[in-house]
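Peer 1: here is the input, now give the coordinates:
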Amino acid sequence: MLTFLFSPAIQAGINSGAYEIVRNQATGELIGVVRDKLTGRFVAHAIATLNNGMSLNPLFFAPQLVMDAAQMYQTHRGFTATLNSLSAIQTSLGILQATTAVIGVGVAAGVVVSGVNLWQTLKLREDVKQLKIDVKEGFIDLKKALKDQGIEIIQRIDEVAQDIQFQQHRLELIKAYGRFIEATKLMKTAMSIQDMGARKVELANARQTLGEALAIYRNPHLLSETSAAGKLRRLECSWAIEQTIALSYQLQGELVAVSDRVDDLQRQIRQDSLNVIESYQSEEELDFIFPEITRIHDHDLALLDSWKNHVDWTRSLPPEELKLLVSSDFSSSEVAFNPDSDVVSSYLATPPEQLLYEDLKQKSHSNSLRDQLRFMMQPELRREAESYINQQATIAEYKIFVPSNLQKTSTSTIANLYWYFKVRDEEARSQNSESISRGFRLATN
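Peer 2: All right, here's what the predicted structure looks like:
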């Protein structure tokens, strides 16, 4: 379950029992909002979302959408919250798109793809935030940004730049990024318009432009021409666009539409990820996509779920409660977020997803690694594997692999057990087939 970080003063109130963290009564999930137990007033929103004590650092999702969600309903604060969210999405989109200039269209060698893996991408994004790198037309000076990655990476950048097929893709990506920037400008303008009818029209125009950008990123022909790694990066760009469309509805106060769009986006991410998993063709590509898809599952999908939970909670508020929320003063929430805090994962450290993958790779068959990703993104596939394991274990009289035990077992163990029994079953079938063939030959001689 996700938890939230609050300013020291607010946390002290929570610890003393004066304040409480709000829960969605329908789901029991925590909301990143605190209220005074005595007066019922909403007094603060979270300054960070945590998972196992670590601050979430997603690839494409803007955490501000969860942290600033309460402010979105306050006219006097919504503009700042919107700017924060759009800025975060723009930074992520620019970096994700820019790295396609290393990945290229075809399958790249492992050392090349590692130059823009999860860890390097997080570093590049931080450099953009700190204004060390400029994003122009959705691309950055990769030679400058990756100059310490070795000559092979630099050579690869030159090779991709000369590739005619990628040049065509690059022009389309520049067009898509341009549409996105145009749409975000319309959204910023909309937030400054006092007339609600005019604001609605401007946001509708922004959504139309975002739809044009989305169509380019999800162009089936362009996606079919690229590798699993390149496909994943373009799909991540499309998810950032989808997130922005949902945000535009939130700015209109259309919470049902927001909830529906976030729901659809979560399903889309899971299905897109499965398609990428099925399309990789080499160990090097698996090295690239495994940590990245794990990060998307544990960070981006988790935050999307938190956003939806927050929106659904707001929808459920009676009119007097919603009025109280809109009139709340959250100034006590606005403290400087200390990047050296123990709960913040440093972008300079190796991502835990990378460390996990390196450990699993030593213990797992390649097919098992693939299925671990599949089971993570589509739990019903894991349940099918559990059923198969139980069936084969019953035949082999392994009494420990009963359904109740399998449900408590880690995904990696389930995938490894599945392939243990799968290989065992196939070998038995092969031996049985050979025995039947031998018997037939003997009978006919």
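
Peer 1: contacts and neighbour counts: CA atoms only from here.
Peer 2: OK.

Peer 1: residue 220: neighbouring residues, count only.
Peer 2: Residues within reach of residue 220, counting by other CA atoms under 10 Å, total 10.

Peer 1: sorry, wrong one. I was asking about residue 415.
Peer 2: Neighbour tally, residue 415, other CA under 10 Å: 25.

Peer 1: so it is in which element?
Peer 2: Following DSSP states H and E, one finds residue 415 within helix 411-444.

Peer 1: pLDDT (mean, whole number) over that helix?
Peer 2: Along helix 411-444, the predicted confidence averages to a pLDDT of 71.

Peer 1: from now on call the first residue 37
Peer 2: Sure, I'll start numbering at 37, so the last one becomes helix 447-480.

Peer 1: need phi/psi at residue 85.
Peer 2: Note on residue 85: its backbone torsions stand at phi -110, psi 130 [degrees, to the nearest 10].

Peer 1: OK, contacts around it?
Peer 2: 38, 39, 40, 41, 68, 91, 92, 99, 102, 103 (CA atoms under 8 Å, 6 or more residues apart in numbering).

Peer 1: just the pLDDT at the last one, thanks.
Peer 2: It refers to residue 103. Reading off the per-residue confidence, residue 103 sits at a pLDDT of 68.

Peer 1: what do you get for the first one?
Peer 2: The score at residue 38 is 81. That number is its pLDDT.

Peer 1: tell me where the protein has strands.
Peer 2: Along the chain, the segments classed as strands by DSSP state E run 39-41, 55-59, 66-72, 78-81, 84-87, 90-91.

Peer 1: could you export these as CSV, including distance to residue 266?
Peer 2: Below are the strands of the chain laid out as CSV (distance: least, CA to CA, whole Å):
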stretch, distance to residue 266
strand 39-41, 33
strand 55-59, 40
strand 66-72, 35
strand 78-81, 37
strand 84-87, 28
strand 90-91, 27
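
Peer 1: thinking again about what came up before, looking at the contacts of residue 85, which one is closest to residue 190?
Peer 2: Looking at the contacts of residue 85 and their distance to residue 190, the nearest is residue 92, at 31.5 Å (CA to CA).

Peer 1: ok, now how distant is the closest one from residue 43?
Peer 2: With the distance defined as CA to CA, to the nearest Å, residue 92 ends up 17 Å from residue 43.

Peer 1: who's more crowded, these two?
Peer 2: When neighbours are counted by other CA under 10 Å, residue 92 comes out ahead of the other of residue 92 and residue 43, with 22 against 18.

Peer 1: what sits against that one?
Peer 2: Counting by CA under 8 Å, 6+ apart, residue 92 makes contact with 84, 85, 86, 99, 335, 381.

Peer 1: let's go with 7 Å and repeat that
Peer 2: Neighbour list for residue 92: 85, 86, 335 [criterion: CA atoms under 7 Å, 6 or more residues apart in numbering].

Peer 1: and the gap between the last one and residue 99?
Peer 2: Going from residue 335 to residue 99 by CA to CA gives 10 Å.

Peer 1: who has more neighbours, those two?
Peer 2: Neighbour tally, residue 335 and residue 99, criterion other CA under 10 Å: the higher count belongs to residue 99, 26 against 23.

Peer 1: please name the nearest non-neighbouring residue to that one.
Peer 2: Excluding its sequence neighbours, the residue lying closest to residue 99 (CA to CA, 6 or more residues apart in numbering) is residue 339, at 6.9 Å.

Peer 1: how close does the one you found sit to residue 249?
Peer 2: In terms of CA to CA, residue 339 sits 23 Å off from residue 249.

Peer 1: ok, residue 284 next?
Peer 2: In this structure, residue 284 and residue 249 are separated by 15 Å, where distance is defined by CA to CA.

Peer 1: so between those two, which is more surrounded?
Peer 2: residue 249 (27 against 24).

Peer 1: who's in contact with the more buried one?
Peer 2: Neighbours of residue 249 in contact, by CA under 7 Å, 6+ apart: 212, 213, 215, 216.

Peer 1: not counting sequence-adjacent ones, nearest residue to residue 189?
Peer 2: If the residues on either side of it in the chain are set aside, residue 189 comes closest to residue 148, at 5.6 Å by CA to CA, 6+ apart.

Peer 1: pLDDT score for that neighbour?
Peer 2: For residue 148, the model assigns a pLDDT of 72.

Peer 1: any stretches of the stretch 237-386 of the chain with poor pLDDT?
Peer 2: Within the stretch 237-386 of the chain, the stretches falling below the threshold (pLDDT under 70) are 368-384.

Peer 1: okay, helices next: where are they in it?
Peer 2: Read by DSSP state H, counting those that start in this stretch, the stretch 237-386 of the chain holds these helices, from start to end of the chain: 256-260, 264-287, 291-315, 319-331, 337-352, 355-362.

Peer 1: list the buried ones in the first one?
Peer 2: Which is helix 256-260. Of the residues in helix 256-260, those buried under the neighbour-count criterion (16 or more other CA atoms under 10 Å) are 258, 259.

Peer 1: ok, residues contacting that helix?
Peer 2: Residues beyond helix 256-260 that count as contacts (CA under 7 Å, 6+ apart) turn out to be residue 267.

Peer 1: roughly how far is it from the heart of the chain?
Peer 2: With CA atoms, centre = their mean, to the nearest Å as the basis, helix 256-260 stands 21 Å off its chain's centre.

Peer 1: mind listing what's buried in stretch 446-462?
Peer 2: Of the residues in stretch 446-462, those buried by neighbour count under the rule 16+ other CA under 10 Å are 447, 448, 450, 451, 452, 453, 454, 455, 457.

Peer 1: of these, closest to residue 348?
Peer 2: Distances from residue 348 to the buried residues of stretch 446-462, taken as CA to CA, are shortest for residue 447 (30.1 Å).
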